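In: Need a 3D model of the following:
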Amino acid sequence: MANKEKPTGKSISEKAKAAKLRTEDATTHDKGGKKIKLTPADLGHLKSPEELEQGQFIGLLDTEVAGDKSGLPPGTYNMFLAKVGGDWHVYAESGGTIVAEAASVVERKDTPKNMKPQYKDGSFCWWVWLIFTGFQWCF
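Out: Numbering: from 1, shown residues only. Below is the predicted model of the structure:
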């Protein structure tokens, strides 16, 4: 079931603290000598797509590159996916504050199951598998 309101930075931070990361599936991309790394969260505790819709910490983003669409500054962020008002959203949180929201989020049914995150150069977009389906989001 989708949420009526977007999450708070504090609620994202709390969920991130309780989560486990899949460090073995981390992906690092080099863009002009600067690193962008996404370490996905372990979502094995989820039992249904509806739980994903309610909002989940989906990974840790560490970037030395600014997002070109959302204004996301370089830094380390807890990434959070939620369905709000019928649409998917990805938020970047740091220090209890939502710093930026993805400019676009697309559910991708063509994502290979258990695929490691992939970065699309030139667009600051990530393509990931999240236990039930895939997503692509762009910052």
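In: Relative to residue 10, how far out is the closest residue in space to residue 56 that isn't next to it in sequence?
Out: Of all residues not flanking residue 56 in the chain, residue 81 sits nearest, at 5.8 Å (C-beta to C-beta, 6 or more residues apart in numbering). Placement of C-beta: from N, CA and C, glycine included. Distance of residue 81 to residue 10, given as C-beta to C-beta, to the nearest Å: 17 Å.
In: What of residue 136?
Out: On the measure of C-beta to C-beta, residue 136 and residue 10 end up 27 Å apart.
In: cool, and residue 100?
Out: From residue 100 across to residue 10, the span is 17 Å (C-beta to C-beta).
In: In terms of neighbours, single out the busier of the two.
Out: residue 100 (20 against 13; other C-beta atoms under 10 Å).
In: what are the bridge partners for the more buried one, then?
Out: Following DSSP bridges, residue 100 is listed with bridge partners residue 92.
In: is it true that it touches residue 66?
Out: No. When contacts are counted by C-beta atoms under 8 Å, residue 100 is not listed as touching residue 66 (9.7 Å).
In: what is in contact with the two at once?
Out: Contact criterion C-beta atoms under 8 Å, 6 or more residues apart in numbering; residues bridging residue 100 and residue 66 by contacting each: residue 72.
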